[in-house]
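**Student:** got a sequence here, can you model it:
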Amino acid sequence: MVVPNGLYMCIDMHVKAHTYCGVVAVSQEEDVSSVAGLGTVSDQKDIDITVTYTDTTGAVQLRRVKMKDLSASWVLENPIDVNHVQPKILEPVQDSPLEFKEKDENQSGEDGMEYSHFLSMNPVKLKRQKLRQERRILLTEELLNQDKETDNQMVEAAIERSKNLDTTVKGKYSIWRRDYDNPNSDSTLKLMRDQIIMAKAYANIAKSKNDSGLYDSLTALSRRSQHAIGEANSDAELQPSALEQAKAMGHILSMAKDKLYDCSVMAKKFRAMLQLAEENVNAQKKKSAFLTQLAAKRIPKPLHCLPQQLTADYFLMGYHKQKDDNKEKLEDPSLYHYAIFSDNVLATSVVVNSTVLHAKEPEKHVFHVVTDKLNLAAMKMWFIVNPPAGATIHVENIDDFKWLNSSYCSVLRQLESARVQEYYFKAHHPSSLALGSDNLKYRNPKYLSMLNHLRFYLPEVFPKLDKILFLDDDIVVQKDLTPLWSVDLQGMVNGAVETCKESFHRFDKYLNFSNPMISENFDPNACGWAYGMNIFDLKEWKKQNITGIYHRWQDANEDRTLWKLGTLPPGLITFYNLMHPLDRGWHALGLGYDPALNQTEIENAAVIHYNGNNKPWLDLAIAKYKSYWSKYVMFDNPYLKNCNIL
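**Tutor:** Residues are numbered from 1 along each chain as shown. Model (predicted):
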């Protein structure tokens, strides 16, 4: 029904927790003012309210509601003026589950009136909304200030970078970005090398097709590109004209591709070029190995000068007429005896100097140096004018050992064989590279010199001694070696440091296990060990007849089927099951061939060994290891200065 004094209200019904909106009709018996005070009136009159609303299905419904059914939280805002009755909105103080959105400005109500806000807010909500707005404004201002600070910092940093900016360098034009330069960049270099390869391929095809103009252009540009590259290893090392040359080459290659490209022809040409490149690489490897072996066995001019001057002064000053003193020390088993077999004066001096320098009681150390006849005078003269503090030095000539002859020594007997001489020395092709590097390696004097094989005759050389420490001439001593004489070898003959790591440096690397003599007597996985710093029990040596074992195996290898060269393979065989492993800290190896050794292990080792071709006195030496050796060289010595040994 239509009620003139109607109110447009939202009523929070407890029934089904719904909020209903519609025209509220008040019965005519009630005064409008009492309705205006809905929810706040003091009287207890009940009021009949007829509500028109739309349910969830969209259908219009009528419902009569009593005043007592209304929620106590509902109040009537802006009480209705009796003279000007118009719809108003009744809102709950608490948030209602049903929210009303703000209408458009052009949207009209039932009576056709336009309004900007369909809902009116109570003071509490208005206050909360105002506080939220204030917080938003404050947060916005704070963020803006932070952005300004960040911008200021960026500007200041850019200004600082601009002070160090080199505007003359091409490409460094922006102070607002960071340039990450790669000093090893070689993209242009790689491009030019690839272009040269392509140019060679197209030039060969052009030549086969009688296109002389294109052939000449490609070959000429290839030469120019190669000249522009030169010895460069990165883009920074290229000549300034390299980029322009690359562009020119790219242009001619594009023309060549349009004229000559054929997939099958190019594939054949590249296969031929690849095969030729592999052959060149193999040839270069052989050449490199040949030159390395050649350089390793050659004596540098300064080292050749040194023994000559020492020998001349030895005879001029009459030292050859003097007799050796301290003979009683040479045979005293209570002292610490060293054996050094070498023809290198400078290297031997480093071994002796470094050992004496670290010895706690130098006067108890005796060095037995055995050399050849050619270097005997020079070796004696050096230690006469440069005697090690407190230690005893005795120099002998290997030719004075009359017992060392071909009837007793297997190696000497074999070297008299024409077949062995041909194998080792290749008398008819002494410098042929075609034979490869292996045969040249056999011609290295150290493998055939009796000074190298003398280590198998220690009891014969030192018949009065019980123990002796053997040192190679390419080692440096960094600690006192005296404790080695106290090591219990547990009945073994040879005390040495093992060199095997996982599968490396085991017996199968040195010996031919396809031969039954080797495979039936030795374990291929047995651990190898190092010559160069070895403590030998000479009493046990004699008891085990070590020299006899060596002779037997050396005779069996006359046809070189058991091992090829050197003294380590026969040493492994001779001392098989007779070697006592020493702590690895006593001996660090590899300084003559491995540039990737652990620096800490080198510095903590008692002895470091330059085994390999890169000896510290040669130009082949690995630079970062050379200082360990050179600090024991007396560069201020007049002989070294005169021979320009720097």
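**Student:** going forward, measure contacts and count neighbours with C-alpha atoms only.
**Tutor:** Fine.
**Student:** and the pLDDT for the nearest residue to Phe462 once chain neighbours are set aside?
**Tutor:** For Phe462, the nearest residue in space outside its immediate sequence neighbours is Glu331; the separation is 8.0 Å by C-alpha to C-alpha, 6 or more residues apart in numbering. Among the per-residue scores, Glu331 shows a pLDDT of 90.
**Student:** do Leu620 as well
**Tutor:** The predicted local confidence for Leu620 comes out at a pLDDT of 87.
**Student:** and the gap between the residue nearest to it when sequence neighbours are not counted and Ala157?
**Tutor:** With C-alpha to C-alpha, 6+ apart as the measure, Asn614 is the residue that lies nearest to Leu620, at 4.9 Å, once sequence neighbours are left out. Asn614 sits 52 Å away from Ala157 when distances are taken as C-alpha to C-alpha, to the nearest Å.
**Student:** longest helix anywhere in the protein?
**Tutor:** Within the chain, and with DSSP state H defining each element, the longest helix by residue count is helix 123-163.
**Student:** next SSE downstream of it?
**Tutor:** Toward the C-terminal end, the helix or strand that comes next after helix 123-163 (DSSP states H and E) is helix 187-208.
**Student:** and that following helix, what does it pack against?
**Tutor:** Packed against helix 187-208, as judged by 3 or more C-alpha pairs under 8 Å, 6 or more residues apart in numbering; DSSP states H and E, are the following elements: helix 212-229, helix 242-260, helix 263-297.
**Student:** and these: which comes nearest Ser410?
**Tutor:** For those, the distance to Ser410 is smallest for helix 263-297, at 24.1 Å, taking C-alpha to C-alpha.
**Student:** just how off-centre is the following helix or strand past the closest one within its chain?
**Tutor:** Scanning forward in sequence from helix 263-297 by DSSP H and E, the next helix or strand is helix 301-316. A distance of 46 Å separates the C-alpha centroid of helix 301-316 from that of its chain, computed with C-alpha atoms, centre = their mean, to the nearest Å.
**Student:** which of the residues in helix 301-316 are buried?
**Tutor:** Residues 303, 305-311, 314 are the ones in helix 301-316 that count as buried (16 or more other C-alpha atoms under 10 Å).
**Student:** same list, those residues, but as CSV with pLDDT please.
**Tutor:** Converted to CSV, the buried residues of helix 301-316 look like this (pLDDT from 0 to 100):
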residue, pLDDT
Leu303, 87
Cys305, 93
Leu306, 94
Pro307, 94
Gln308, 94
Gln309, 95
Leu310, 95
Thr311, 95
Tyr314, 94
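**Student:** count the neighbours of the residue nearest to Phe462 for me.
**Tutor:** The criterion is other C-alpha atoms under 10 Å. On that basis, Glu331 has 16 neighbouring residues.
**Student:** and the one 5 residues further on, by the same measure?
**Tutor:** In terms of burial, Tyr336 registers 23 neighbours under the definition other C-alpha under 10 Å.
**Student:** Lys467 against Asp537, yeah?
**Tutor:** Yes - with contact defined as C-alpha atoms under 8 Å, Lys467 reaches Asp537; the gap is 4.8 Å.
**Student:** phi, psi for Asp537 please.
**Tutor:** Backbone torsions of Asp537, given as degrees, to the nearest 10, read phi -90, psi 100.
**Student:** shaky segments in the stretch 1-150 of the chain?
**Tutor:** Across the stretch 1-150 of the chain, residues meeting the criterion (pLDDT under 70) sit at 1-121, 147-148.
**Student:** correction: the chain
**Tutor:** Within the chain, the set of residues satisfying pLDDT under 70 comprises 1-121, 147-148, 151, 154-155, 158-185, 325, 418-448, 502-503.
**Student:** what are the ranges of the strands in it?
**Tutor:** 6-12, 19-26, 48-54, 60-66, 336-341, 365-371, 392-397, 467-471, 475-477, 494-496, 533-537, 579-581, 587-588, 607-609 (DSSP state E).
**Student:** quick revisit: deepest in the core, which of the helices and strands packed on helix 187-208 is it.
**Tutor:** Of all those, helix 212-229 has the most neighbours on average by mean count of other C-alpha atoms under 10 Å, namely a mean of 18.
**Student:** could you check how far that helix is from the centre of its chain?
**Tutor:** Taking C-alpha atoms, centre = their mean, one finds the center of helix 212-229 at 39 Å from the center of the full chain.
**Student:** picking that back up, now tabulate the buried residues of helix 301-316 in a markdown table and tack on distance to Pro569.
**Tutor:** Written out in a markdown table, the entries for the buried residues of helix 301-316 read as follows (distance: C-alpha to C-alpha, whole Å):
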| residue | distance to Pro569 |
| --- | --- |
| Leu303 | 30 |
| Cys305 | 34 |
| Leu306 | 33 |
| Pro307 | 32 |
| Gln308 | 35 |
| Gln309 | 37 |
| Leu310 | 36 |
| Thr311 | 36 |
| Tyr314 | 39 |
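**Student:** what's the most distant pair in these?
**Tutor:** Taking every pair in these and measuring C-alpha to C-alpha, the maximum separation is 17.0 Å, between Leu303 and Tyr314.
**Student:** show me the contacts for Leu489.
**Tutor:** Applying C-alpha atoms under 8 Å, 6 or more residues apart in numbering, one finds that Leu489 lies in contact with 495, 580.
**Student:** which phi and psi values does it adopt?
**Tutor:** Backbone phi and psi, for Leu489 under degrees, to the nearest 10, turn out to be phi -80, psi 0.
**Student:** okay, it and Glu460: tell me how far apart.
**Tutor:** Relative to Glu460, Leu489 is positioned 21 Å away (C-alpha to C-alpha).
**Student:** how about Ile299?
**Tutor:** In this structure, Ile299 and Glu460 are 30 Å apart, going by C-alpha to C-alpha.
**Student:** now the helices for the stretch 351-500 of the chain?
**Tutor:** For the stretch 351-500 of the chain, the helices defined by DSSP state H, counting those that start in this stretch cover 376-385, 410-415, 418-425, 437-442, 445-448, 450-453, 458-461.
**Student:** with that, I have no additional questions.
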